[in-house]
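Trainee: I'd like to go over a predicted model; first the sequence, then the structure.
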Amino acid sequence: MGSALERPLEELLQRQPPRAVLALLPAIGPGGVDPHGWLDPRAAVSMARAMAAAIRETGVAQQTLDARLAAFDQSMRAREAHTAALLEPLRATPFVAMHDGYRGFVARYGLRQVAALPGDHEHQPGARSLAAMRRVARETGAVCLLRQADDSVALARSSARDAGLRIVEGDPLAAHSADFDTFLATFAADVARCL
């Protein structure tokens, strides 16, 4: 997915021959690149197509590849429609996030994320970033703080308390999902519960 997300693999990947590494990072427009692009079903299909193209070149699984890709495409279309219907009545509800990793998901479903803490999980956000997020949350009437399991619980609680937000934990890395469709359904339900 790229160095923004795969920092521990960066040195290993640099030592690989160019054709051994498949870059799947989807661009999402003016905000740049979203290293969490798999949260958008359309981006997931694009990544699956890129993987299929690379697999075709190896000659592996040729007979089932097209059928599996078509089934995945169909399941993602159904997931997108279901998620859109679930989130449609909640689109105007403002929320904040502990991590700026939901841009593709937010854009796909037209959600109103009003603030997110910058940076990555290797560095704690600064006081200025926290104060700005809390201020925006209060000014916009945000109702919820979306966090993930590896976010600081203490930091989430203090930010939520200061801005009057409820906290909902999402699983954008699919740590608790058996398959991709279930993962997307669960993440969408978490976001809906937040809103």
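Mentor: Received it, and whenever you're ready, just let me know what you need.

Trainee: And the next helix or strand past the helix or strand hosting residue 83?
Mentor: Counting by DSSP states H and E, the element that carries residue 83 is helix 62-87. Towards the C-terminus, the helix or strand next in line after helix 62-87, according to DSSP H and E, is strand 94-97.

Trainee: Note down every partner strand of that following strand and its orientation.
Mentor: Here strand 94-97 has these sheet partners by DSSP bridges: strand 112-116 (parallel), strand 144-148 (parallel).

Trainee: ok, of those, where does mean pLDDT dip lowest?
Mentor: Across the strands paired with strand 94-97, strand 144-148 has the smallest mean pLDDT, namely a mean of 90.

Trainee: quick one: that one to chain centroid distance?
Mentor: The chain centre lies 13 Å from the centre of strand 144-148; the measure is CA atoms, centre = their mean, to the nearest Å.

Trainee: who touches residue 130 in this structure?
Mentor: 117, 155, 159 (CB atoms under 8 Å, 6 or more residues apart in numbering). C-betas here are computed from N, CA, C, even on glycine.

Trainee: For those residues, pick the one with the most neighbours.
Mentor: Of all the contacts of residue 130, residue 159 has the most neighbours under the rule other CB atoms under 10 Å, reaching 24 neighbours.

Trainee: Residue 191: what's it in contact with?
Mentor: Here residue 191 is in contact with 87, 105, 111, 146, 168, 170 (criterion: CB under 8 Å, 6+ apart).

Trainee: Now stretch 36-54: average pLDDT?
Mentor: 86.

Trainee: Which positions within that stretch qualify as buried?
Mentor: Neighbour-count burial for stretch 36-54 flags 36, 37, 38, 39, 40, 41, 43, 44, 45, 47, 48, 52 (criterion: 16 or more other CB atoms under 10 Å).

Trainee: Put the alpha carbons of that stretch into PDB.
Mentor: Once non-C-alpha atoms are left out, stretch 36-54 reads as follows in PDB (Å, rounded to 0.1, in the frame of the first residue of the first chain):
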ATOM      1  CA  HIS A  36      -6.300   3.100   3.500                       C
ATOM      2  CA  GLY A  37      -7.900   2.900   0.100                       C
ATOM      3  CA  TRP A  38      -9.400  -0.500   0.700                       C
ATOM      4  CA  LEU A  39     -12.200   1.100   2.700                       C
ATOM      5  CA  ASP A  40     -13.700   2.300  -0.600                       C
ATOM      6  CA  PRO A  41     -15.200  -0.700  -2.400                       C
ATOM      7  CA  ARG A  42     -14.400   0.900  -5.800                       C
ATOM      8  CA  ALA A  43     -10.800   1.300  -4.800                       C
ATOM      9  CA  ALA A  44     -10.800  -2.300  -3.600                       C
ATOM     10  CA  VAL A  45     -12.000  -3.500  -7.000                       C
ATOM     11  CA  SER A  46      -9.300  -1.400  -8.700                       C
ATOM     12  CA  MET A  47      -6.700  -3.000  -6.400                       C
ATOM     13  CA  ALA A  48      -8.100  -6.500  -7.100                       C
ATOM     14  CA  ARG A  49      -7.800  -5.800 -10.900                       C
ATOM     15  CA  ALA A  50      -4.200  -4.700 -10.500                       C
ATOM     16  CA  MET A  51      -3.500  -7.900  -8.600                       C
ATOM     17  CA  ALA A  52      -5.200 -10.000 -11.200                       C
ATOM     18  CA  ALA A  53      -3.200  -8.400 -14.000                       C
ATOM     19  CA  ALA A  54       0.000  -9.200 -12.100                       C
END
